[in-house]
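Student: all I have is the shape, not the residue letters:
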């Protein structure tokens with residue numbers, strides 16, 4: 001790739017003119033402007049010392065091949081293509097060029113990324129990590145158990161109010177994305193620890209009136225970030241080296257249900273997905289898990 005210093009100054013002027021125009025006309029965010037600047041600047045570096053406005057389709061194809069050879073992700077390349085298309089369309093509109101070199105450039109096929117999950121053994125270790133002799137540990141134990149038993153989003157879990165929990169029927173009433181409502185059942189283990197916390201540990205944490213099921217140590221509602229830090233803390237205690245995310249237990253919930261034969265539409269309802277195709281990714285996770293088990297244990301794999 002050419003050094004940035006070899007890029008002609010006129011390219012920088014073209015780029016700034018384009019960014020100023022879309023900011024004034026369409027009010028795009030600073031983050032979008034920054035992404036466009038980075039993507040187009042990298043392309044300009046690649047074709048330097050060539051003038052951007054005499055870019056040919058072959059230049060773009062060579063750049064895309066370079067990105068492919070160097071392991072750039074398809075999502076990142078798709079964003080770059082979108083930025084370049086918008087850039088050249090602007091200069092066609094301004095009558096600086098007659099045709100855009102992007103006319104026959106399609107978007108790369110994005111690989112569907114599989115959500116990060118944990119094995120059932122790793123989940124067991126994680127759930128056993130909190131110190132249940134302390135109020136906060138009992139709270140965290142109940143939160144982890146409920147999260148794994150229900151597949152709630154972290155935001156739904158930390159925002160859970162007492163009126164949403166029905167201990168007698170062992171269900172939680174959840175209002176998820178787009179204010180969509182759903183009833184989610186809890187298993188015996190999760191119900192046991194939830195009851196233990198509500199009847200014992202919760203009273204120690206409440207410093208003033210609150211209807212949050214899981215108050216913070218200040219006695220108020222807990223943030224998603226705080227709970228995420230708690231998960232990472234327990235993952236260290238459980239010696240879990242897998243890459244985690246705030247939704248790892250939600251993913252584990254769905255994957256393990258499907259591994260054990262749960263109907264996909266039932267899992268869809270419990271997760272609160274409006275589209276079945278969103279839930280179907282967990283069948284791919286389950287298949288990958290089965291393949292790894294087969295490879296590890298089958299004598300002829």
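Tutor: Nice, thanks for sending it over. From a predicted model like this one, the values you see are computed outputs, not experimental measurements.

Student: where in the stretch 51-200 of the chain is pLDDT low?
Tutor: Where the stretch 51-200 of the chain drops to pLDDT under 70, the residues are 108-116, 178.

Student: where exactly do the helices run in it?
Tutor: Along the stretch 51-200 of the chain, counting by DSSP state H, counting those that start in this stretch, helices occupy 57-69, 74-93, 120-127, 135-150, 154-158, 188-196.

Student: distance to residue 15 for those helices - can I get that in TSV?
Tutor: C-beta coordinates here come from the backbone N, C-alpha and C atoms, glycine included. Listed next are the helices of the stretch 51-200 of the chain as TSV, based on distance: least, CB to CB, whole Å:
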stretch	distance to residue 15
helix 57-69	16
helix 74-93	8
helix 120-127	47
helix 135-150	46
helix 154-158	38
helix 188-196	54
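
Student: to residue 40, which of the ones you listed lies closest?
Tutor: Judged by CB to CB, the one of the helices of the stretch 51-200 of the chain that comes nearest to residue 40 is helix 74-93, at 5.5 Å.

Student: quick one on the thing from earlier: out of the helices of the stretch 51-200 of the chain, which is closest to residue 168?
Tutor: By CB to CB (comparing all of the helices of the stretch 51-200 of the chain), the closest turns out to be helix 188-196, at 10.0 Å.

Student: packing partners of that closest one?
Tutor: helix 135-150 (3 or more CB pairs under 8 Å, 6 or more residues apart in numbering; DSSP states H and E).

Student: for the helix it packs on, name the packing helices and strands.
Tutor: helix 120-127, helix 154-158, helix 188-196, helix 202-205, helix 224-237, helix 248-259.

Student: buried ones in it?
Tutor: 135, 137-150 (16 or more other CB atoms under 10 Å).

Student: now do it and helix 248-259, the angle between them.
Tutor: Using axes from the mean of the first three to the mean of the last three CA atoms, to 10 degrees, the inter-axis angle of helix 135-150 relative to helix 248-259 is 40 degrees.

Student: residues contacting helix 135-150, please?
Tutor: 123, 126-127, 130-132, 152, 154, 157, 172, 184-187, 189-190, 193-194, 196-197, 200-202, 204-205, 214-215, 217, 227, 230-231, 234, 249-250, 252-253, 270 (CB atoms under 8 Å, 6 or more residues apart in numbering).

Student: just the buried ones from the residues you listed, in ChimeraX syntax?
Tutor: With 16+ other CB under 10 Å as the criterion, this ChimeraX line picks the buried residues out of the contacts of helix 135-150:
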select :123,126,127,130,132,152,154,157,172,184,186,190,193,194,196,197,201,202,205,214,215,227,230,231,234,249,250,252,253,270
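
Student: returning to what we had before: identify, from the buried residues of helix 135-150, the entry nearest to residue 161.
Tutor: Among these, and counting by CB to CB, the member closest to residue 161 is residue 146, at 13.5 Å.

Student: what's the closest of the helices of the stretch 51-200 of the chain to residue 221?
Tutor: Short answer: helix 154-158, nearest of the helices of the stretch 51-200 of the chain by CB to CB, at 6.6 Å.

Student: so how far is the closest one off the chain centroid?
Tutor: Offset of helix 154-158 from its chain centre (CA atoms, centre = their mean, to the nearest Å): 15 Å.

Student: show me the chain divided up by domain.
Tutor: 4-93, 120-297 (automatic domain parsing).

Student: ok, back up a step: any chance of the helices and strands packed on helix 135-150 in JSON lines, plus distance to residue 50?
Tutor: Shown next, in JSON lines, are the helices and strands packed on helix 135-150 (distance: least, CB to CB, whole Å):
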{"stretch": "helix 120-127", "distance to residue 50": "52"}
{"stretch": "helix 154-158", "distance to residue 50": "48"}
{"stretch": "helix 188-196", "distance to residue 50": "62"}
{"stretch": "helix 202-205", "distance to residue 50": "64"}
{"stretch": "helix 224-237", "distance to residue 50": "46"}
{"stretch": "helix 248-259", "distance to residue 50": "46"}
